[in-house]
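Chemist: Below is the sequence, then the predicted model.
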Amino acid sequence: MDERRWWKESVVYQIYPQSFCDGNGDGVGDIPGIISKLDYLAGLGVDVLWLSPIYPSPGYDSGYDISDYEAIDPRYGGMEDFERLVAQAHARGLRLIIDLVVNHTSNEHPWFKAACSGKNDPKRDYYIWNNPAPGGGPPNNWGALFGGPAWTLDEKSGQYYLHLFSPKQPELNWENPQLRREIYAMMRRWLSRGVDGFRMDVISLIAKPDDFSDGPAGPGGYFDPRARAAANPKVHEYLREMRREALAGRDVMTVGEASAATLEDARRLTNPRGDELDMVFQFEHMDLDGGETFKWNDRGIPLPRLKSVMAKWQEGLAHRGWNALFWNNHDQPRMISRLGDEGEWREASAKMLAVCLHMMQGTPYVYQGEELGMTNMRFTSPEQLRDSESLSAYRRYVRDGDIPEGDMLRYISMKSRDNARTPMQWSAAPGAGFTRAAPWMGINPNYREINAEEQLGRRGSVLNFYKELIRLRRAYPIVVYGDFVPYAPDDPRVFAYLRVLDGETLFVCCNFSAERLGFAPPDGFRDAIRDAGALRNTDASAELLLTNHEASAYMTEFRLAPYEAVVIRKSQNQIKTKEVS
Ligand code: TEU
């Protein structure tokens with residue numbers, strides 16, 4: 001068994017502060033609002049809270065464009081509120097990790113302002129500059145993720161600065177040792193305020209490509225340099241230095257957002273020596289429906305591909321790293337709307353998706369509202385959008401005639417980051433219990449049916465199912481440490497796998513369709529399941545640990561109801577143990 005660590009045994013809950021809970025009645029979520037919901041979070045059973053950025057920011061990229069690393073954005077409260085949040089979370093046994101966004105700053109950060117004041121300013125080298133191409137224009141054909149070239153001209157000096165996301169997010173130059181020292185010192189200050197670790201934004205990209213030449217043009221006529229950046233081995237040096245300088249001797253957890261990282265990269269980043277990161281978010285399973293117009297299409301995620309990608313990461317990091325498991329975050333549309341069912345089977349599919357993810361090996365993440373089965377929004381006009389990525393894509397693709405307007409709105413309703421960012425649905429009251437004022441972005445009208453208050457007291461609600469699922473993780477070490485073995489990898493409708501640990505096996509099987517299906521268990525389980533009811537076999541038997549279906553027919557007929565998920569446990573001497581006790 002792998003070395004036991006608390007962050008492997010934890011469930012993390014992601015809070016997107018703007019949309020979580022508005023404590024002061026201005027329509028925007030804030031820290032006092034979060035504090036008011038700590039009992040709810042502790043009741044859910046999660047172990048760690050991850051706060052998306054709470055730092056001062058012009059808000060162009062909803063807080064991922066930071067203008068001051070050392071303070072709290074006044075919209076969210078003050079440092080006293082933050083310290084109260086840490087103390088109150090700890091008092092309930094919850095750990096708290098914060099977002100560390102050090103691949104880039106806001107263009108309004110004082111460092112960048114100083115860097116633009118002149119070529120000789122000491123902060124100039126904190127960013128990445130280049131002269132125009134010989135014939136004028138940007139230094140190369142690299143594109144920014146949020147549209148346009150990855151270079152913007154600084155008129156004063158005549159040089160271009162690099163930005164992989166938007167022009168308002170200039171890339172930091174990690175080659176500069178003084179910059180790195182400042183970042184580590186900043187991290188130590190947050191640790192001394194009691195935080196328990198960091199979620200590191202696009203940390204795989206901090207070392208820029210070694211090669212600044214043009215690359216093959218993709219969507220929009222630009223080359224996407226992210227894979228080239230992620231391949232620069234210097235990222236490992238920087239992270240080892242960060243570990244030594246900022247984290248050594250502290251019992252913290254780190255999760256890196258590893259955009260464009262390969263399995264090989266992830267093995268190094270999360271190696272069991274623990275000298276880089278504890279785990280990474282990889283995106284291969286989220287990007288399976290991408291295409292020529294980036295993510296803007298209605299293609300959908302093919303289940304067999306999803307299964308093989310998940311298995312690749314499960315097997316690929318086994319004993320050599322650690323997975324972070326997620327279906328949702330603040331950048332992704334709601335998974336229930338992608339792979340589940342928003343209608344008749346909404347609750348069943350929400351629970352099935354949860355089982356499928358939480359029973360894999362790795363640390364599961366729950367994104368706010370996921371535990372209620374919250375769905376995508378239906379956007380009918382660009383005025384409803386707040387996400388700058390969606391807005392700029394809407395303008396660009398519609399203007400250039402690449403995507404007709406009606407189609408683009410449909411794609412946005414399916415894929416926009418704003419689907420995740422609608423306010424949390426606490427109750428059926430006006431404002432969904434999120435706010436008493438006008439919310440900063442529209443609330444999904446389905447809050448009257450889908451909300452926490454309704455689900456808290458109802459047996460069989462999605463919320464109560466998550467509690468049960470989280471409890472199982474604590475009760476059975478195999479859920480955390482068991483090896484993952486794929487089962488029926490080619491089945492187009494059922495995602496099934498085994499977990500194996502010390503003579504114990506779990507069989508997890510999830511119906512991703514609205515049909516009733518017969519689905520045979522693996523050989524070793526067939527008799528054990530048949531015997532389970534009759535208690536005939538004294539050597540081996542099986543028990544149904546969890547199902548999302550009230551009258552599951554799996555143990556008697558090997559049949560799955562629409563979107564049914566079952567978890568069956570078999571241990572060699574289960575019956576004997578029962579007889580002895
Ligand atoms: O995201 C980085 C990233 O590459 C993607 O998640 C990307 O935003 C998404 O696929 C586009 O649809 C991180 C943050 O999570 C995101 O919110 C920020 O916008 C981005 O970095 C820049 O800081």
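Modeler: Thanks, I have it. Since we're looking at a predicted model, the values are computed, not measured. Residues are numbered from 1 along each chain as shown.

Chemist: Tabulate the CA atom coordinates of stretch 132-149 in PDB.
Modeler: Extracted C-alpha coordinates of stretch 132-149, given in PDB (Å, rounded to 0.1, in the frame of the first residue of the first chain):
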ATOM      1  CA  PRO A 132       9.100  43.100 -32.600                       C
ATOM      2  CA  ALA A 133       9.600  40.600 -35.500                       C
ATOM      3  CA  PRO A 134      12.100  41.900 -38.100                       C
ATOM      4  CA  GLY A 135       9.200  43.100 -40.300                       C
ATOM      5  CA  GLY A 136       7.300  44.600 -37.300                       C
ATOM      6  CA  GLY A 137       4.500  43.000 -35.400                       C
ATOM      7  CA  PRO A 138       4.600  40.400 -32.600                       C
ATOM      8  CA  PRO A 139       7.800  38.400 -32.100                       C
ATOM      9  CA  ASN A 140       6.200  35.100 -33.200                       C
ATOM     10  CA  ASN A 141       2.900  33.400 -34.100                       C
ATOM     11  CA  TRP A 142       2.000  32.400 -30.600                       C
ATOM     12  CA  GLY A 143      -1.700  32.800 -29.600                       C
ATOM     13  CA  ALA A 144      -3.300  33.600 -26.200                       C
ATOM     14  CA  LEU A 145      -5.800  31.200 -24.800                       C
ATOM     15  CA  PHE A 146      -8.500  33.900 -24.500                       C
ATOM     16  CA  GLY A 147      -8.000  35.000 -28.100                       C
ATOM     17  CA  GLY A 148      -5.600  37.100 -30.200                       C
ATOM     18  CA  PRO A 149      -1.800  37.000 -30.100                       C
END
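
Chemist: got the contact list for it?
Modeler: Outside stretch 132-149, the residues that touch it by C-beta atoms under 8 Å, 6 or more residues apart in numbering are 61, 130-131, 150-151, 153, 158-160, 162-167, 212-215, 217-226, 388-389, 392-393, 396. C-beta: built from backbone N, CA, C; applies to glycine.

Chemist: do the same with stretch 379-395
Modeler: 60-62, 145-147, 166, 294, 296, 377, 408-409, 412-413, 416-418, 421, 440-442.

Chemist: Repeat that for stretch 337-352.
Modeler: By C-beta under 8 Å, 6+ apart, the surrounding residues in contact with stretch 337-352 are 289, 300-301, 303, 306, 327, 336, 353, 370, 373, 375-376, 414, 419, 450, 460-462, 465, 510-512, 514, 548-549, 561-565.

Chemist: Narrow the contacts of stretch 132-149 to just the buried residues.
Modeler: Among those, the ones that count as buried by 16 or more other C-beta atoms under 10 Å are 61, 150-151, 153, 159-160, 162-167, 215, 219-220, 222-226, 388-389, 393, 396.

Chemist: can you narrow these to ones near the ligand?
Modeler: Among those, the residues lying close to the ligand (C-beta under 6 Å from any ligand atom) are 61, 165, 389.

Chemist: got the contact list for the second one?
Modeler: Each residue near Phe165 by C-beta under 8 Å, 6+ apart is listed here: 61, 64, 104, 144-146.

Chemist: Is it possible to get a markdown table of these that adds pLDDT?
Modeler: Shown next, in a markdown table, are those (pLDDT from 0 to 100):
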| residue | pLDDT |
| --- | --- |
| Asp61 | 98 |
| Tyr64 | 98 |
| His104 | 98 |
| Ala144 | 97 |
| Leu145 | 95 |
| Phe146 | 94 |
